[in-house]
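1. coords please:
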Amino acid sequence: MEAPDDDPRRLLGALLRQARTEARLTQDAIGHAIGVERSGVTRMEAGDRSLTLATLGAWLDKCGVGGLADSAVRALWRVARRHGDGDEPVKTWFVGWTDAEVAAWTLRFWAPLIVPGLLQTERYMYEVFRAGGHPHDRAMQAVEARMARQEILNRDDPPTVVAIIDELVLSRQIGSRDVMAEQCAQLLKVSEHPSVIVQVVRGASAGLGGMLALAEGPRGSVLLSGSLLEDIVTADVQQVRAAAAIVDAVRGAAASTSDTRVSLGEAHQRWTA
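-> Here you go, the predicted model:
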């Protein structure tokens, strides 16, 4: 097959499209298999949208690609990730977290500044990205990538998610008052999800140093820690244990789930007043 150009992202997209067509699958069929809308499949095949390693594996499995061809496509995926690091909504360094997140059986978040990404509404996350300096188009791409990550909560076997949120997050205006009211309503709704636990922390805590997220799964634990310049993803045992101890300490100081729901309801009322 003739390469579309020397852009590895577009070459990867062309190979994915070829695998799908040779397997006699429609875009709707492959989209259903990987949990992506048809428009997302179109963009992946055009090289305009990145995909996680887990999504790539699901695509190749559905198309019956194995052996050397599987290894070659995965190698090209790694090259495409590095090539797209300057303008893709998911950075190369962040792929380690998204792969751990999609495979995790437990996810724990400590959020002292903003609502954790998995629990954000579409409008709230857009305003977060805009506040971070993203122009409209890139913010929309980042929103699309984050919304796709939220699909793990709709799986038949979703991970257990523990989200510990500083009470100030509920008072920090991101976007309009309507955006905040919608976000508080979303937190109330998601707190009823059978695999999601939301707890609010009032006052000082052991987690004042910044955001922490832990993914625990079949390959061990992965830590995502927040930084003003760039977040850090690591599986270093010592750092993971230290972070886990902080998250446990913060959760020990958090309100109960029932009291948290009261706080969320009050915050929602304040933003709708």
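2. Count the residues that sit near Ala72.
-> By the criterion of other Cβ atoms under 10 Å, Ala72 has 12 neighbours. (Each C-beta comes from the backbone N, C-alpha and C, glycine too.)
3. Would you mind writing the CA trace of the helix or strand containing it as PDB?
-> Under the criterion of DSSP states H and E, Ala72 resides in helix 67-83. Provided in PDB are the C-alpha atoms of helix 67-83 (Å, rounded to 0.1, in the frame of the first residue of the first chain):
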ATOM      1  CA  GLY A  67       1.500 -11.700  14.700                       C
ATOM      2  CA  LEU A  68       4.100  -9.500  13.000                       C
ATOM      3  CA  ALA A  69       1.400  -7.200  11.600                       C
ATOM      4  CA  ASP A  70       0.100  -6.500  15.100                       C
ATOM      5  CA  SER A  71       3.600  -5.700  16.400                       C
ATOM      6  CA  ALA A  72       4.400  -3.400  13.400                       C
ATOM      7  CA  VAL A  73       1.200  -1.400  13.800                       C
ATOM      8  CA  ARG A  74       1.800  -1.000  17.500                       C
ATOM      9  CA  ALA A  75       5.400   0.200  16.800                       C
ATOM     10  CA  LEU A  76       4.000   2.700  14.300                       C
ATOM     11  CA  TRP A  77       1.500   3.900  17.000                       C
ATOM     12  CA  ARG A  78       4.400   4.700  19.300                       C
ATOM     13  CA  VAL A  79       6.100   6.700  16.500                       C
ATOM     14  CA  ALA A  80       2.800   8.500  15.800                       C
ATOM     15  CA  ARG A  81       2.400   9.400  19.500                       C
ATOM     16  CA  ARG A  82       5.900  11.000  19.500                       C
ATOM     17  CA  HIS A  83       5.300  12.800  16.200                       C
END
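4. For that helix, name the packing helices and strands.
-> helix 8-22, helix 53-63, helix 92-103 (3 or more Cβ pairs under 8 Å, 6 or more residues apart in numbering; DSSP states H and E).
5. In JSON lines: those helices, plus mean neighbour count and mean pLDDT.
-> What follows is the helices and strands packed on helix 67-83, written out as JSON lines (neighbours: other Cβ atoms under 10 Å; pLDDT from 0 to 100):
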{"stretch": "helix 8-22", "mean neighbour count": "19", "mean pLDDT": "92"}
{"stretch": "helix 53-63", "mean neighbour count": "19", "mean pLDDT": "88"}
{"stretch": "helix 92-103", "mean neighbour count": "19", "mean pLDDT": "72"}
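6. Which one of these lies nearest to Ala131?
-> Ala131 lies closest to helix 92-103 among those, at 18.6 Å (Cβ to Cβ).
7. Would you tell me what the next helix or strand after the closest one is?
-> strand 106-111.
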